[in-house]
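# Only the shape, not the letters, is given here:
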Ligand code: ADE
């Protein structure tokens, strides 16, 4: 049974594709799904695209068309909690959409109809992933990752998110949407994010540099170490 590895940015997917024994490529909805073998596992690699809608659509296709048994989402994120520094790794325990607000009809952040604002990552996959991160890179932070359709690039917005969601470790633009769709399909999910910036006024400078120089090769090493155990 296939494991899906979804990356948010082409640089990261390129590193993983280079390491994979390639099989078929399927094109659907403007996306490429690369089937093959990586670290002895049958995998399908896909680029999620940026933002919650793109990530949700990619996830639904993986669950429905490729019958994946589990998903691993990897990418970069902005650090929110003060202890989360550039270069750190974060493994999600739960995920929340920070820009979802149907109040006063539903509580703020709640996904209408689900009764939940937080979606859990799969605990055993997260533990195996965290163990692989510890071996390759050093112990990851583990906790809440929040997602929204905004690149957070000001100290003011970062401070607001930290005040509203004090246990949030990091912010990205996809993971919580992937978690919601995985919950719909009953598929386990693990999320690994490397911190590319501090979601502040420097974020737009730090982000591209980090992505190419650090995140892509690091993600490759972590994913290949984690895969045989998943
Ligand atoms: N991904 C990486 N850095 C980010 C940021 N500052 N905001 C949202 N998503 C990100």
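Received it, and whenever you're ready, just let me know what you need. On a predicted model such as this, the values are computed, not experimentally measured, just so you know.
# in what helix or strand does the residue in the chain that the ligand sits nearest to lie?
The chain approaches the ligand most closely through residue 78 (2.8 Å), counting by Cβ to the nearest ligand atom. Every residue, glycine included, has its C-beta placed from N, CA and C. Assigned by DSSP states H and E, residue 78 belongs to strand 70-79.
# contact partners of stretch 221-230?
Applying Cβ atoms under 8 Å, 6 or more residues apart in numbering, the external contacts of stretch 221-230 come out as 3, 5, 16, 19, 38-41, 43, 70, 72, 74, 89, 125, 128-129, 131-133, 135-137, 190, 192.
# how about the nearest residue to residue 152 once chain neighbours are set aside, what does it touch?
Spatially, and ignoring its direct neighbours in sequence, residue 152 is nearest to residue 199 (4.0 Å; Cβ to Cβ, 6 or more residues apart in numbering). Residue 199 is in contact with 78-80, 152-153, 157-158, 161, 171, counting by Cβ under 8 Å, 6+ apart.
# next one: residue 168
Residue 168 neighbours (Cβ under 8 Å, 6+ apart): 80-81, 96, 98, 143-146, 161-162.
# Now, those residues that are in helices?
Within these, residues falling in helices by DSSP state H are 161-162.
# among the contacts of stretch 221-230, which ones are buried?
Neighbour counting by 16 or more other Cβ atoms under 10 Å classes 3, 5, 16, 38-39, 41, 43, 70, 72, 74, 89, 125, 128-129, 131-133, 136-137, 190, 192 among the contacts of stretch 221-230 as buried.
# on that earlier part again, sort out which one of the contacts of residue 168 lies nearest residue 180 for me.
Nearest to residue 180 out of those is residue 96 (Cβ to Cβ; 9.9 Å).
# ok, back up a step: can you give me phi and psi for the residue lying closest to the residue of the chain closest to the ligand once chain neighbours are set aside?
The shortest distance from residue 78 to any non-neighbouring residue, by Cβ to Cβ, 6+ apart, is to residue 199 (3.1 Å). As for residue 199, its main-chain torsions (degrees, to the nearest 10) stand at phi 50, psi 30.
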